[in-house]
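Participant: Here is my input; please provide its structure:
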Amino acid sequence: MMESDHKKPSYQNHNGFLMPMGFPPEGFISGINYQAQPDDIFVVTYPKCGTTWTLYMIWLICHDGEPLPVTKTLNDEFPHLEEVGQEKVINLPFPRVIKTHLPYDLTPYHPQAKYLYVARNPFDCVVSFYHHTKGFVKHYDFAEGTFDDFFECFLAGAVDFGDYFDNLLPWSEHKNDDNVLFLTYEQMKADPKKAIIQIANFLGDYFADKIQNQEVLQKVLDQSSFESMSQDQERWSSKRPAHMTPFIRRGKVGDWKNYFSPEQVKRLTKKFKLRTAGTDLEKLWILDQK
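Facilitator: Numbers count the residues shown, from 1 in each chain. The predicted model follows:
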């Protein structure tokens, strides 16, 4: 099959920026023009790199480990900036927690706002992104698409929110800024308790004090586990068709080995090495590619 014959997801093109079909252009335009405030908390990721998990950790920290009621959705509490636009964000209570997949140069900035960035290795990212795209039929019209189809789009950067490396690299250049906390999904999976403490400390004394209570810390840890979050999944996203994979799918590191061909491993590895050459991202992930 020639590359041009691969099935491609459907997108809206917002001034050269690809977005899901359900995202109104006016939301994107309004969102990038939002004026960040000193107390704002931005949770920033490339898609499928731990966004919902990180947001829910913050929700739980804020609410002493009490779970999000099934009558609410996380998107209502912590809206997606470039989907809903600035009006909904402006009306949030302080401190505002704002979700975004925007690259560094498009993310509203204030030197006193906090930016929590989570990176995930591109191999697992593309697998998770594939299932996400396949599952949201109305957003992508990709229910019949294959992993091979999606891999070609991902490698070319022809997916929503753009090229993976165009998002990762500029944010990583700011990872030592005082108002940026740069975590990896893999670090969070290896030691979720440490990640919760890091996040709470980064958010400020009020949040750090909450998890000094060991009972609260344990509740945050339990409620943000894969086992817990895989229940009542409509809290995280709109309902999917019953035959599609759930929004919270596997939550594993290394699942990519079940999908990649040897040739795909070589091609993504080559792009990773090319794009990260000369940066400390070269050794951010030690991937067993056998």
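
Participant: So for the residue lying closest to Glu282 once chain neighbours are set aside, what's the pLDDT?
Facilitator: Spatial nearest neighbour of Glu282, chain neighbours left out: Thr276 (4.9 Å); criterion: Cβ to Cβ, 6 or more residues apart in numbering. Bear in mind the C-beta positions are built from the backbone N, C-alpha and C, glycine included. pLDDT for Thr276: 95.

Participant: Can you report how many residues neighbour Thr276?
Facilitator: Thr276 sits with 18 neighbouring residues when counted by other Cβ atoms under 10 Å.

Participant: quick one: it and Pro122 touch, right?
Facilitator: No. Contact criterion Cβ atoms under 8 Å: Thr276 and Pro122 do not qualify, at 10.0 Å.

Participant: quick one: Asp205 and Gln212, what's the gap?
Facilitator: For Asp205, the distance to Gln212 (Cβ to Cβ, to the nearest Å) stands at 10 Å.

Participant: Then Cys49?
Facilitator: 29 Å.

Participant: Which elements pack onto the helix or strand containing Lys99?
Facilitator: In this assignment (DSSP states H and E), Lys99 forms part of strand 97-100. Identification of packing neighbours for strand 97-100 by 3 or more Cβ pairs under 8 Å, 6 or more residues apart in numbering; DSSP states H and E yields strand 41-45, helix 51-62, helix 81-84.

Participant: what residue ranges in the stretch 1-150 of the chain are flagged as low confidence?
Facilitator: Along the stretch 1-150 of the chain, segments meeting pLDDT under 70 span 1-5.

Participant: ok so, going back, residue contacts, the residue nearest to Glu282?
Facilitator: Going by Cβ atoms under 8 Å, 6 or more residues apart in numbering, Thr276 touches 165, 169, 282, 284.

Participant: Could you find the lowest-pLDDT member of those?
Facilitator: Going through the contacts of Thr276 one by one, the lowest pLDDT turns up at Glu282, 82.

Participant: where's that residue relative to Lys273, distance?
Facilitator: Note on Glu282: its distance to Lys273, by Cβ to Cβ, is 7 Å.
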